[in-house]
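In: kindly generate the corresponding structure for this input.
(chains A and B)
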Amino acid sequence: MINMFHVYKSYDAAVSALTDITLKIDKGEFVFITGASGAGKTTLLRLMFCIERPTQGQIIIAGKNVSRFTHRDIPALRRKIGFVFQDFKLLNNKTVFDNIAITLRVTGMGNRDINKRALKVLSYVGLQHRANFKPLTLSGGEQQRAAIARALAKEPAILLADEPTGNLDPERAMDTINLFNEINARGTTVVVATHDRFLIDKFNKRTIILDKGKIVG
Amino acid sequence: MNYLKWFAYFVSEAFQNIRSNLATSIVTTFTIAISLSVCGLFLVFFINVNNMLSGVGGQIQITAYIRGNLQDDAVLHIKDEISAMHEVESVEYISKEMALNIFKTELKGQKGILDGLAANPLPASFEIKVKELFRSQDGIKGLISKLRLIGGIEDVQYGKEWVDRFFAFIRLVEVFIFILGGFILSAAAFIASNTIRLALYTRKDEIEIMGLLGATNIFIKTPYFIEGILEGFSGAVLAVSMLYLGRYMILMEIPPIFSPLVAVPFSPFYFSLGVVAGGIILGIAGSGIALRRFLKS
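Out: Next up, the predicted model:
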């Protein structure tokens, strides 16, 4: 599902964020990417989501070489991948429901289907009672679940999550990973970047370890 | 979704954007209104100056003197020939007798000077008025050389010194208006587009998030363009109202003798249409420039 071949990413000649990354993540797999802060976890996910472009190397996502994508090709890719951001990136002037609805609207879905899907996904993450609340009136955990609901709404083939438990207490963190586990069980490929060793140890999944931009395990 | 549904969605998004950023939308609308009012004031000034100058230009008159021994039908023929010239607005025949009468009127109390004259020494002539389009130095010189070629015309005169000075003055006024106009228009466009940019800057994150959700540039941009059009239109309507109200108040206050200076002798409809079009263009351009930057980054 995700293949990277000798991928390098540097922001200038002196700073190399990723060095010679080659990896393969199969369809339906659940993978943790871990490492210390600054190891390159976020950069790796941003490359998969085309927020960053590789300095060198090839990235194949669902059979498409995204490293050759033009600016116009990117929206279609992003509509197929769910991304849970560490800082949630919710639209704070819209309700939780509208945040989910907008991600479906960009796919061209009609109002009736949007309503159905948004309510279904909100109920799935246990936020149906908060549908008409604006994100800033919710707790950190609720905002996190709203962000997950938004990522899941378009029923993506791949779900990428960048430090999804970073702002949560241990109990909420466990709930979140359990939720990802459920999503994965339904066939979605899940890639979670985290530095939380406890979670990695608790869930027995393949783990890619990064150190100073290189895969070390 | 069909196009109509998309359009309805974009318009509702634009109104929602305005509602949730009401203060910045009001500031943007007023900035556009003030910028357009300044441009409108300049336009009124430009049109009035132009009108005044063309009024003065209308006084440019060419006199073509006729040889003394021409028959009436030859005179008529020359008149027809001059009237047919595309530069000529009107031709008036002044006979020898009419010329003498005019001269006598101009002499007023000193008519006695002419008593000793045995015959009328004044020649018959044509007073020629030039069309507005040809009231330029080149246009007038071209017409004069054509008039000189007509048989039966003895001499052609016009106030050369006065005309040369008048056109030099017009050139100076044109350069002044061009520089001032360019400055005012660029300042207005700069201020308005920067205000829109600053207003959109507060929503930079929103624009970025939309991109991350897989929205295409058109999907992201359209509501902001509609918002720009709405703000530009409202600003323009406000500007037109302020200009007409200002003109009305000035006309009420100043003595009637000065009123032609503010009377704006042109169609108010086209003027308003021009200002509204300017507002909409400012709104679109301001949004477009800002969005281009944010979407690039």
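In: check which helix or strand the residue of the stretch 151-297 of chain B found nearest chain A maps to.
Out: In the stretch 151-297 of chain B, the residue that lies nearest chain A is B:G214 (3.5 Å; Cβ to the nearest Cβ). Just so you know, the C-beta spots here come from the backbone N, C-alpha and C atoms, and that holds for glycine as well. B:G214 is part of no helix or strand, with elements assigned from DSSP states H and E.
In: quick one: low-confidence residue ranges for chain B.
Out: Along chain B, the model assigns pLDDT under 70 to residues B:1, B:54-55, B:57-58, B:109, B:111, B:257-267, B:296-297.
In: can you name the residues of it that neighbour chain A?
Out: B:1, B:5, B:9, B:20, B:205-206, B:208-216, B:219 (Cβ under 8 Å from any Cβ of the partner chain).
In: circling back to that earlier point, number of residues surrounding the residue of the stretch 151-297 of chain B closest to chain A?
Out: 21 (other Cβ atoms under 10 Å in any protein chain shown).
In: if I read this right, it contacts A:F83, doesn't it?
Out: No - counting by Cβ atoms under 8 Å, B:G214 does not reach A:F83; the two are 9.6 Å apart.
In: residue nearest the centroid of chain B?
Out: Chain B has B:I47 as the residue nearest its centroid, 4.4 Å off, counting by Cα atoms, centre = their mean.
In: distance of that one relative to B:P268?
Out: From B:I47 over to B:P268 the distance is 12 Å, taken as Cβ to Cβ, to the nearest Å.
In: do the same with B:L213
Out: Note on B:L213: its distance to B:P268, by Cβ to Cβ, is 47 Å.
In: where does chain A have low pLDDT?
Out: Nowhere does chain A drop to pLDDT under 70.
In: what about the strands in it?
Out: For chain A, the strands defined by DSSP state E cover A:2-10, A:16-25, A:30-34, A:56-61, A:64-65, A:81-84, A:158-162, A:189-193, A:206-211, A:214-215.
In: how about those in JSON lines, adding distance to chain B and mean neighbour count?
Out: Shown next, in JSON lines, are those (distance: least, Cβ to the nearest Cβ, whole Å; neighbours: other Cβ atoms under 10 Å in any protein chain shown):
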{"stretch": "strand A:2-10", "distance to chain B": "18", "mean neighbour count": "18"}
{"stretch": "strand A:16-25", "distance to chain B": "19", "mean neighbour count": "18"}
{"stretch": "strand A:30-34", "distance to chain B": "19", "mean neighbour count": "22"}
{"stretch": "strand A:56-61", "distance to chain B": "13", "mean neighbour count": "18"}
{"stretch": "strand A:64-65", "distance to chain B": "14", "mean neighbour count": "13"}
{"stretch": "strand A:81-84", "distance to chain B": "7", "mean neighbour count": "24"}
{"stretch": "strand A:158-162", "distance to chain B": "11", "mean neighbour count": "23"}
{"stretch": "strand A:189-193", "distance to chain B": "16", "mean neighbour count": "25"}
{"stretch": "strand A:206-211", "distance to chain B": "23", "mean neighbour count": "16"}
{"stretch": "strand A:214-215", "distance to chain B": "26", "mean neighbour count": "18"}
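In: ok, residue 37 - contacts?
Out: All of this is about chain A. A:S37 sits next to A:H195 when contact means Cβ atoms under 8 Å, 6 or more residues apart in numbering or on different chains.
In: meant chain B, my bad for not saying
Out: B:S37 makes contacts with B:A239, B:M242, B:L243, as judged by Cβ under 8 Å, 6+ apart.
In: likewise for A:V191?
Out: Counting by Cβ under 8 Å, 6+ apart, A:V191 touches A:I2, A:I25, A:V31, A:I33, A:L45, A:M48, A:I158, A:L159, A:L160, A:A161.
In: you'd agree the fifth one is up against A:E163?
Out: No - A:L45 sits out of contact with A:E163 when judged by Cβ under 8 Å, with a separation of 9.6 Å.
In: and for the two, which residues touch both?
Out: Counting by Cβ under 8 Å, 6+ apart, the contacts common to A:L45 and A:E163 are A:A193.
In: look at those two and report which has more neighbours.
Out: Neighbours were counted for A:L45 and for A:E163 using other Cβ under 10 Å; A:L45 has more, 23 against 20.
In: give me the number of residues near the closest residue to B:A64 other than its chain neighbours?
Out: Leaving out its chain neighbours, the residue that sits closest to B:A64 by Cβ to Cβ, 6 or more residues apart in numbering or on different chains is B:F126, at 4.5 Å. If you count neighbours by other Cβ under 10 Å, B:F126 ends up with 23.
In: B:D73 now?
Out: Around B:D73 there are 8 other residues, counting by other Cβ under 10 Å.
In: for B:A84, what are phi and psi?
Out: Main-chain torsions, B:A84, degrees, to the nearest 10: phi -70, psi -10.
In: around it, how many other residues sit close by?
Out: By other Cβ under 10 Å, neighbour count at B:A84 equals 9.
In: so how far is chain A from it?
Out: Using Cβ to the nearest Cβ, to the nearest Å, B:A84 is found at 63 Å from chain A.
In: those helices in chain A, which residues are they?
Out: A:41-48, A:74-78, A:96-105, A:111-124, A:140-153, A:170-185, A:197-202 (DSSP state H).
In: same deal with the stretch 51-200 of chain B?
Out: If DSSP state H, counting those that start in this stretch is used as the criterion, the helices of the stretch 51-200 of chain B fall at B:72-83, B:96-107, B:137-148, B:160-201.
In: before we move on, the earlier item: looking at B:L213 and B:P268, which one has more neighbours?
Out: More crowded of B:L213 and B:P268, by other Cβ under 10 Å: B:L213, with 25 against 12.
In: contact partners for the more buried one?
Out: By Cβ under 8 Å, 6+ apart, the contact list for B:L213 reads A:R78, A:R79, A:I102, A:T103, A:V106, A:R150.
In: and if we set it to 6 Å?
Out: B:L213 is in contact with A:T103, A:V106, counting by Cβ atoms under 6 Å, 6 or more residues apart in numbering or on different chains.
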